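S.K.: model this:
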Amino acid sequence: MVERPGLIGSKGLWPFVYDEANYHFPTCEKRVAPLLVEVLQQCIGSFLFVWLPQIPHDFWVAYIAPILNQSNYLKIIREERTSSLIRIVEGLNFESFWKQKLGVKSRKSLAYDQRTLATQGKVIYETASTHDEVRSGMPSSCVVEVESSKTLENAGLYSIRGKRGFFFELLPELARTGEVRVSFLRVDDHPIAWQLELLTPGHCYLHHIAFDQAWRKYSPGKQLLVSCLKRCWEEGRTFDFLPASFGYKQTYANAWVPAHELHWIRKSIRGKIARRLIDWNMNWRKKMRDRSPGLVASIARKEVTQANQSESE
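M.R.: Predicted coordinates for the structure are as follows:
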């Protein structure tokens, strides 16, 4: 957690890299989690509010909700986002599951894309999971990101200044403890798609996926994703697409759970004012998002860029 300037001259406590993380909760032993949540509540004595943008449902039910029910602090709770999951079905192999999720036409289309891509050169699926492998593979991610539509839309993993260096340092270190895996799809050693998976025991979280627009007609992103889904199924991992209701996530998933957002605010005059302002701001953003989704996204990206520029200065 990091300190941020808040409303009416106050201080707020926000998650570190809040603009990059998909979930905000401590990855720790279960016996430690209640203590960490209690310490977080105690921090409200030093800060006007604590903000947790996206808390996974299981962690919320097990550790956050019980303390909230006993807390006298002010609260704003929302469940506006949903995470799509693929949970292992006992006795069912991946091929059978895939046939249930995709119709005959969609499966034939994917098979055609795989065949036609193979005519362009040697197709290689590459997985990096150790420190050295991930570090060596990071330059290839830049090759894909530069040609990705996400970068053109300012939504790429490295779009914001300073984020490339951050991930180049972070991901290899996470690989040391088995918490990250990076996958690439190559044609004759040229990377055309890549994805970033975050790992915990029994779970795989899809943090990012991108592909080179020049290879779009071969559906390289989908081809890479399907290989990852199959691998996770065989490993016995629940696959979490993370919050954001894109159509393909809804199609592939077989379970859906809410992601919770919490503003935990000190009970005081300033706290009550802050609660009203935060609530008003969220309602305004929701109305703007409903009217013009692109405008809100542009505003959010501008705010994140300005915040990171301020930190670097």
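
S.K.: Can you get me a residue count around A111?
M.R.: Residues lying near A111 (other C-beta atoms under 10 Å) number 10. Backbone N, C-alpha and C define where each C-beta goes, glycine included.

S.K.: I'd assumed it was in a helix, is it?
M.R.: Yes. Counting by DSSP: H, G, I helix; E, B strand; the rest coil, A111 falls inside a helix.

S.K.: Quick check: it vs S159, distance?
M.R.: 33 Å (C-beta to C-beta, to the nearest Å).

S.K.: Where does pLDDT dip in the chain?
M.R.: 1, 6-9, 16-21, 24, 26-29, 245, 289, 292-313 (pLDDT under 70).

S.K.: How is it partitioned into domains?
M.R.: 2-84+257-312, 91-253 (automatic domain parsing).

S.K.: for the ones you listed, which one ends up most surrounded?
M.R.: Of all the domains of the chain, domain 91-253 has the most neighbours on average by mean count of other C-beta atoms under 10 Å, namely a mean of 17.

S.K.: Contacts for stretch 213-233, please.
M.R.: By C-beta atoms under 8 Å, 6 or more residues apart in numbering, the surrounding residues in contact with stretch 213-233 are 86, 88, 93-94, 97-98, 109-110, 113-114, 116-117, 120, 125, 127, 147-149, 183-185, 187, 192-195, 197, 204, 206, 209-212, 238-239, 248, 252.

S.K.: Give me the subset of those lying in helices.
M.R.: The helices, defined by DSSP state H, take in 94, 97-98, 109-110, 113-114, 116-117, 149, 248, 252 from the contacts of stretch 213-233.

S.K.: could you dump those residues to a markdown table with distance to R135?
M.R.: Shown next, in a markdown table, are the ones in helices among the contacts of stretch 213-233 (distance: C-beta to C-beta, whole Å):
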| residue | distance to R135 |
| --- | --- |
| F94 | 30 |
| F97 | 34 |
| W98 | 33 |
| S109 | 36 |
| L110 | 32 |
| D113 | 31 |
| Q114 | 30 |
| T116 | 33 |
| L117 | 28 |
| S149 | 27 |
| Y248 | 30 |
| Y252 | 30 |
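
S.K.: For P5, name its beta-bridge partners.
M.R.: Beta-bridge partners recorded for P5 (DSSP bridges): K11.

S.K.: Tell me how far it lies from R285.
M.R.: Using C-beta to C-beta, P5 is found at 19 Å from R285.

S.K.: what does P139 give?
M.R.: Taking C-beta to C-beta as the measure, P139 falls 37 Å from R285.

S.K.: Give me the phi and psi for R276.
M.R.: phi -60, psi -40 (degrees, to the nearest 10).

S.K.: Equivalent analysis for G91, please.
M.R.: In terms of degrees, to the nearest 10, the main-chain angles of G91 are phi 80, psi 0.

S.K.: The stretch 1-150 of the chain: strands as residue ranges?
M.R.: All strands of the stretch 1-150 of the chain, identified by DSSP state E, counting those that start in this stretch, fall at 2-5, 11-14, 49-56, 74-86, 123-128.

S.K.: Can I get the ones you listed in a markdown table including distance to G165?
M.R.: Output for the strands of the stretch 1-150 of the chain, formatted as a markdown table (distance: least, C-beta to C-beta, whole Å):
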| stretch | distance to G165 |
| --- | --- |
| strand 2-5 | 18 |
| strand 11-14 | 21 |
| strand 49-56 | 24 |
| strand 74-86 | 29 |
| strand 123-128 | 19 |
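
S.K.: Appreciated, that's everything.
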